[in-house]
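**Student:** this one's sequence-less:
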């Protein structure tokens, strides 16, 4: 086989679901593993379902995730146009070939006539299907004379063009994930290839496009598996060599039952779309992984392991490592359950891989949002780097920085009432007053020295460490959370430390 050429061909009917992003990712990984091309094609033949903003959303989502097309809509290339609504002439030429060779036919049946036939079959306890057994009962170019067909066309009678499925044949096909697939043609209906609006259906357009764009591998969701036999028959009818096919398993709900939907995300409070999306018709806002604070590399890592096994226990991969490790043989046949907590785990792992300098750029906007001042100065950057060294391991998302580090930037406005009630004992006031006096005498305000001196003070006064250090932490942070107490005291400084203890004494005991 020559150069690998794969495509991602979404329909612009709304936001891109993470199942679609995973399909794009697996196509991308296969292409890059084999020094091939990854193509973006927009399948917009269903104009009734087109949603404004969808195409831009698809492009932005792919670029954010690092799945950048080599060619396609918005990227150029030698096989365009890459938008199906701009390829109508190509489809007309191809369908004309099928009509001339008797492999497709005009069908003039009205919606009312089709419904009447369905009702008739239902009354007889049967299910109607437009196929080899029923096409002779219908109004089409197989039952009408050539003159009648010509007359109807000249009159502008609405019609569709259907594919003439061969009768009673077994179609044998290979799927790279599922192995051999067999389908008897008697189970297939004569699918519409061209709709009454003159635009092709997905079935015709994607086969024609994949052939003309020289696609070598079609990797798509398992919902298209029932269409595989039809597509093989279309390739055969045109006399074209089909690409290799692989049908990916579904991404399932967290319960494992059923396909993951946007409603599951709304109900469970987790995103199912890469970016935030606002429905232009209803103004409904749907969460996005990006806006939730996920790193694109964590998002991609999580998606890659939904339905694919690298063959080892390893779970953390960069994009380049995924490219080297990826193989379609590792894709599972069964559905993959989406676990929101596992997604957070991937996020935390990738966040921890970042240096303090890299994290700094992620948390400065968080500080700016909370405090409302510029964070571009050297002093605030240097200070925040020191804070990051103390709290980094606690972070899952950049926004968590404020939860774990707000007290480095401002004194607590209030104190956790539950922990305060437990640790505000009658002797606490006396202990803290002595601590303030003792700390005032420490000149070398460095964490190791503060720890050494304060430990000696506690032992000398026969206090328990808990009765001193826990109220002290509450006074400094408002809670019992936070990094090493002495590192924190060094960083906020002697004056601020004393100021906060004195404020706590006043609030706790003089109100």
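**Tutor:** Yep, it's here. Just so we're clear, the structure is a prediction, and the values are computed from it rather than from any experiment.
**Student:** quick one, helices of the stretch 301-450 of the chain?
**Tutor:** Taking DSSP state H, counting those that start in this stretch, the helices of the stretch 301-450 of the chain run over residues 319-325, 340-353, 356-371, 378-391, 400-405, 417-423, 428-440, 447-460.
**Student:** and the stretch 1-150 of the chain, by the same measure?
**Tutor:** Applying DSSP H, counting those that start in this stretch to the stretch 1-150 of the chain gives helices spanning 18-33, 54-65, 88-100, 111-123, 146-154.
**Student:** TSV for these, including mean neighbour count?
**Tutor:** To be clear about C-beta, it is placed using only N, CA and C from the backbone, and glycine gets the same treatment. Shown next, in TSV, are the helices of the stretch 1-150 of the chain (neighbours: other CB atoms under 10 Å):
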stretch	mean neighbour count
helix 18-33	24
helix 54-65	20
helix 88-100	15
helix 111-123	12
helix 146-154	12
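**Student:** want to throw these into CSV with mean pLDDT and distance to residue 419?
**Tutor:** Shown next, in CSV, are the helices of the stretch 1-150 of the chain (pLDDT from 0 to 100; distance: least, CB to CB, whole Å):
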stretch, mean pLDDT, distance to residue 419
helix 18-33, 98, 39
helix 54-65, 98, 40
helix 88-100, 97, 69
helix 111-123, 96, 69
helix 146-154, 97, 82
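**Student:** out of the ones you listed, which comes closest to residue 321?
**Tutor:** Among the helices of the stretch 1-150 of the chain, the nearest to residue 321 by CB to CB is helix 18-33 (10.6 Å).
**Student:** to residue 137, which of the helices of the stretch 301-450 of the chain lies closest?
**Tutor:** helix 340-353 (52.1 Å).
**Student:** mind listing what's buried in the closest one?
**Tutor:** Within helix 340-353, the residues that count as buried by 16 or more other CB atoms under 10 Å are 343-351.
**Student:** now the angle from it to helix 18-33?
**Tutor:** 50 degrees (axes from the mean of the first three to the mean of the last three CA atoms, to 10 degrees).
**Student:** centre of the chain versus helix 340-353, how much separation?
**Tutor:** 14 Å (CA atoms, centre = their mean, to the nearest Å).
**Student:** elements contacting it?
**Tutor:** Other elements packing on helix 340-353 under the criterion 3 or more CB pairs under 8 Å, 6 or more residues apart in numbering; DSSP states H and E are helix 296-304.
**Student:** what helices or strands is the helix it packs on leaning on?
**Tutor:** Applying 3+ CB pairs under 8 Å, 6+ apart, one finds that helix 296-304 makes contact with helix 18-33, helix 54-65, helix 289-292, helix 319-325, helix 340-353.
**Student:** now it: buried residues?
**Tutor:** Applying 16+ other CB under 10 Å to helix 296-304 flags 296-304 as buried.
**Student:** of those residues, which is the nearest to residue 216?
**Tutor:** For the buried residues of helix 296-304, the minimum distance to residue 216 (CB to CB) is 21.4 Å, reached by residue 304.
**Student:** how many neighbouring residues does the residue lying closest to the closest one once chain neighbours are set aside have?
**Tutor:** Nearest residue to residue 304, sequence neighbours excluded (CB to CB, 6 or more residues apart in numbering): residue 322, at 5.3 Å. Applying other CB atoms under 10 Å, we find 23 residues neighbouring residue 322.
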